[in-house]
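In: sharing a model that was predicted from the sequence below.
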Amino acid sequence: MAKHIFVTGGVASSLGKGLTASSLGRLLKMRGLRVTMQKLDPYINVDPGTMNPFQHGEVFVTEDGGETDLDLGHYERFIDENLHRESNATTGAIYRTVLAKERRGEYLGETVQVIPHITDEIKSRINQLASPDVDVVITEVGGTVGDIEILPFIEAIRQFRKDAGRNNVAYIHVTLVPFIGPSEEQKTKPTQHSVTELRSRGIQPDVIVCRSDRPLGDHVKRKISMLCDVEEAGIIAAIDAPDIYAIPLVLNDEGLDAYICELLDLHTPEPDLGEWSAMCERAASATETVRVGIIGKYVGLPDAYLSVVEAIRHGAMAAGVRAEIVWVASDHAEGLLAEERLAGLDAICVPGGFGIRGTEGKIAAARYARENRVPFLGLCLGLQCAVIEFARNVCGLAGANSSEFDESTPHPVIALMDSQLGVEDKGGTMRLGNWPCRLLPGTRAAEVYDDLLVYERHRHRFEVNPHYRGQLESNGLVCSGISPDNRLVEMIEIPDHPFFLASQFHPELTSRPNRPNPMFREFVAAAVRRVRGHGEDDARANVRPLRAVLDVTER
């Protein structure tokens, strides 16, 4: 029977519940346990797919096409497991399911209420993950204790311990222990009040993870232990870490994983932290820096590009360098401003997005990278902007654009999938989740992946218009990745460039800190070559000599 760990938060949002849960998942996996994770979100949206990136951050897409909360990205990166759409449940999705059952008569005329119908559906979502091949399910409850919309979730996880058995469930509560400068004291009152609120809902935490900017004194731990009725071994100090990937090491030093295993009667060996510690040490000791510009329309909230940033960092760790992220708002990078803002970058990344705002800036950035031989990586909309730029400035197709941005464009080099296939309906169906991509032998894309068939995750409606493919290719653009049916362009590249690669999919979603996605690994490596003054004489330098260079650097 699977064990269950529930992670709640108090005092304030953004304390790091997701990173705490992810780090614990990593530690338990290092102990040989099979771990999966889930996020319960109290907001009423059915999923984050239609939410504003400035409010919510990025939408993380699972391999089965689920549009989910960005915390699932942390989960996947830390536990190195592919999650699925059932790993994220919202209030909206739960109510929609319950109402659909009521309409179908499945409740046999009962009065449908929060208890038991909504809470039972929440528990059902949790139990779905407890398959026979899973030892531990870690469930994070979004929001903070005291939020009105969180109450059904708190009640459901309270009931869960009664249903599953006391020794099969553990509760972790993440709180804030602030330092008050004038009095030079760490204050426990916020934690006390948060735990009191949680206990008023029927849940006594087994572990309190105390977030702070400095170590907790022993007297502070004893005070929290006494006043919150939690064993002192269960008071975990989670001080700010220099790198999010160091958090598992911090929590292990505090004994969190060992204490959880004791609570849940899990008999495991000590975790093997060697590889993870070495990875963190390489990242901490790197002295060389590459400046990577992210040209986006949502740069006001960096979480909108969270997976992109992390994937760049993964590539940098593999290369033994630091990645300095330079944010450039694509609204302000148009025309001649592009050169002013992009000068001095070692590499340029144009990530995904929707809508016309800022697209001309992204197109200008693609032109700057192409003409100045700056390593370039385009992701989803980034590929489309690169195609538009190439069509306009190399193929001579004046006014070329995407029909998403200009329905009257004379050259719709980017168009809806439906319109490509000769269907007049403009609704378009978003392409989500894993789709196959066939790579052209001898191309940089094939060398980067070291394979001819790959699967990557998508989230988009518009595609490269196949009617313009021949014209683009005859002018030097290589469509190096194609759908197996030869209808959809998945990747493009420019052969006589140090590194100019773009994908219709989102490779950042499958990148891991100890196993970076190949596109990001080689993108950052190209930036390293540029910094060191290598690679210009041989713009088509293949991947294997590049890997050898990086290996020598690490040694």
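Out: Nice, thanks for sending it over.
In: pLDDT below threshold where in the stretch 251-400 of the chain?
Out: 333-339 (pLDDT under 70).
In: quick one: the helices in it, in order.
Out: Secondary structure of the stretch 251-400 of the chain by DSSP state H, counting those that start in this stretch: the helices cover 256-263, 274-285, 306-319, 337-342, 359-372, 381-393.
In: using a markdown table, lay out those together with mean neighbour count and distance to Arg457.
Out: Where C-beta positions appear, they are placed from N, C-alpha and C, glycine not excepted. Output for those, formatted as a markdown table (neighbours: other Cβ atoms under 10 Å; distance: least, Cβ to Cβ, whole Å):
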| stretch | mean neighbour count | distance to Arg457 |
| --- | --- | --- |
| helix 256-263 | 21 | 30 |
| helix 274-285 | 14 | 24 |
| helix 306-319 | 25 | 10 |
| helix 337-342 | 17 | 28 |
| helix 359-372 | 23 | 21 |
| helix 381-393 | 26 | 14 |
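In: mind putting those into JSON lines with distance to Val134?
Out: Compiled in JSON lines, the helices of the stretch 251-400 of the chain are given as follows (distance: least, Cβ to Cβ, whole Å):
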{"stretch": "helix 256-263", "distance to Val134": "16"}
{"stretch": "helix 274-285", "distance to Val134": "22"}
{"stretch": "helix 306-319", "distance to Val134": "24"}
{"stretch": "helix 337-342", "distance to Val134": "47"}
{"stretch": "helix 359-372", "distance to Val134": "41"}
{"stretch": "helix 381-393", "distance to Val134": "36"}
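In: for Asp265, give me its contacts.
Out: Asn167 (Cβ atoms under 8 Å, 6 or more residues apart in numbering).
In: 10 Å instead, please
Out: Asp265 is in contact with 3, 167-168, counting by Cβ atoms under 10 Å, 6 or more residues apart in numbering.
In: and if you look at Gly378?
Out: Neighbours of Gly378 in contact, by Cβ under 10 Å, 6+ apart: 295, 348-352, 362, 365-366, 369, 384-387, 389, 491-493, 500-504.
In: what pairs with it across the strands?
Out: Val350, Ala502 (DSSP bridges).
In: stretch 342-349: how far from the chain's middle?
Out: 23 Å (Cα atoms, centre = their mean, to the nearest Å).
In: buried sites along it?
Out: 342, 345-349 (16 or more other Cβ atoms under 10 Å).
In: Serialize these to a markdown table and add fields for distance to Gly217.
Out: Listed next are those as a markdown table, based on distance: Cβ to Cβ, whole Å:
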| residue | distance to Gly217 |
| --- | --- |
| Leu342 | 49 |
| Leu345 | 45 |
| Asp346 | 44 |
| Ala347 | 45 |
| Ile348 | 47 |
| Cys349 | 43 |
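In: one step back: closest one to Glu140 among the helices of the stretch 251-400 of the chain?
Out: With Cβ to Cβ as the measure, helix 256-263 is the member of these nearest Glu140 (14.6 Å).
In: how many residues are close by Ala445?
Out: Per other Cβ atoms under 10 Å, the neighbour tally for Ala445 reads 27.
In: same check, this time on Ser212
Out: Considering only other Cβ under 10 Å, Ser212 is surrounded by 17 other residues.
In: neighbours around Gly255, how many?
Out: Count around Gly255 with other Cβ under 10 Å applied: 13.
In: the spatially closest residue to it that is not a sequence neighbour: what's it in contact with?
Out: Leaving aside its chain neighbours, Gly255 sits nearest to Ala233 (6.4 Å; criterion: Cβ to Cβ, 6 or more residues apart in numbering). Ala233 makes contact with 207, 221, 225, 254-256, 258-259, 262-263 under the criterion Cβ under 10 Å, 6+ apart.
In: Gly476: which of these is nearest?
Out: Taking those together and measuring to Gly476 by Cβ to Cβ, the closest member is Leu256, at 55.1 Å.
In: hang on, isn't that closest one packed against Leu249?
Out: No - contact between Leu256 and Leu249 fails when scored by Cβ atoms under 10 Å: they sit 11.1 Å apart.
In: got any residues that touch both of those two?
Out: 23, 27.
In: okay if I get the contacts of Ala233 as TSV plus distance to Leu19?
Out: As requested, the contacts of Ala233 are exported to TSV (distance: Cβ to Cβ, whole Å):
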residue	distance to Leu19
Val207	15
Lys221	21
Ser225	24
Glu254	14
Gly255	18
Leu256	13
Ala258	19
Tyr259	18
Glu262	23
Leu263	21
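In: what is the nearest of those residues to Asn401?
Out: Leu256 (52.9 Å).
In: how much space separates that closest one from Pro242?
Out: 19 Å (Cβ to Cβ, to the nearest Å).
In: which strand or helix spans Val195?
Out: helix 189-200 (DSSP states H and E).
In: in that helix, what counts as buried?
Out: For helix 189-200, by 16+ other Cβ under 10 Å, it's 190-191, 194-195, 197-198.
In: name the SS class of Cys210, please.
Out: strand (DSSP: H, G, I helix; E, B strand; the rest coil).
In: report pLDDT for it.
Out: Looking at Cys210, its pLDDT reads 96.
In: now swap in the one 3 residues further on and tell me
Out: According to the per-residue confidence, Asp213 scores 91 in pLDDT.
In: also Pro53?
Out: 78.
In: OK, contacts around it?
Out: Contacts for Pro53 (Cβ under 10 Å, 6+ apart) come out as 59, 70, 296-298, 300-301, 303-305, 352-354.
In: what about 8 Å?
Out: 59, 298, 301, 304, 353.
In: which of the residues you listed count as buried?
Out: If we count by 16+ other Cβ under 10 Å, the contacts of Pro53 have these buried: 59, 298, 304, 353.
In: format those residues as CSV; extra columns: distance to Gly378.
Out: Converted to CSV, those look like this (distance: Cβ to Cβ, whole Å):
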residue, distance to Gly378
Val59, 19
Tyr298, 16
Ala304, 17
Gly353, 12
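In: what residue in the chain is the furthest from its centre?
Out: Gly109 (42.4 Å; Cα atoms, centre = their mean).
In: returning to that earlier point: if we only consider the contacts of Asp265, which is nearest to Arg444?
Out: Nearest to Arg444 among the contacts of Asp265, with distances taken as Cβ to Cβ, is Lys3, at 46.0 Å.
In: setting aside sequence neighbours, what's the nearest residue to the closest one?
Out: Leu264 (4.5 Å).
In: the one you found contacts Phe6, doesn't it?
Out: No - look at Leu264 against Phe6 with Cβ atoms under 8 Å: they stay out of range, at 12.0 Å.
In: and these two? which has more neighbours close in?
Out: Phe6 (28 against 19).
In: is that one in a helix, a strand, or coil?
Out: strand.
In: what bridges to it?
Out: Going by DSSP bridges, Phe6 forms beta bridges with Thr139, Tyr171.
In: from Glu86, how far off is it?
Out: From Phe6 to Glu86 the distance is 17 Å (Cβ to Cβ).
In: then Ser14?
Out: 25 Å.
In: what about those two, which has more around it?
Out: Just comparing Ser14 and Glu86: by other Cβ under 10 Å the higher neighbour count belongs to Glu86, 16 against 10.
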